[in-house]
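S.K.: Everything below, folded, please.
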Amino acid sequence: MSASTSRSHWTVQKFSNLDAMRQAQVKGWQQLTGAQRRAAAWELVQEAWAMQKRNPDELRLQRAVTSVRRPGS
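M.R.: Purely as a prediction, here's the structure:
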């Protein structure tokens, strides 16, 4: 994550136990659209990749297949 990433939109909550925290997390994820969930998951993948100091180009779609043949064609 870069130093310029703004987190001003984040909210902070205090919970009395782990179950209450878990319930709030589940509710929060359920309120997101599918596209927002995928975007969040992709952001985590990119950050994990960067922490491992791996080449981000490896995350791109691999185009090694040049042709596909169907059986009987």
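S.K.: pLDDT below threshold where in the protein?
M.R.: 1-3, 65, 73 (pLDDT under 70).
S.K.: mind listing the helices in it by residue range?
M.R.: 18-30, 34-51 (DSSP state H).
S.K.: Any idea which of the ones you listed gets closest to residue 59?
M.R.: With respect to residue 59, and counting by CB to CB, the nearest of the helices of the chain is helix 34-51 at 6.1 Å. C-beta here means a position set from N, CA and C on the backbone, and glycine is covered the same way.
S.K.: if we look at that closest one, which residues are touching it?
M.R.: For helix 34-51, contacts defined as CB atoms under 8 Å, 6 or more residues apart in numbering pick out 1, 29, 32, 56, 58, 59.
S.K.: Give me the neighbour count for the third one.
M.R.: So the one you mean is residue 32. Neighbours of residue 32 under the rule other CB atoms under 10 Å: 12.
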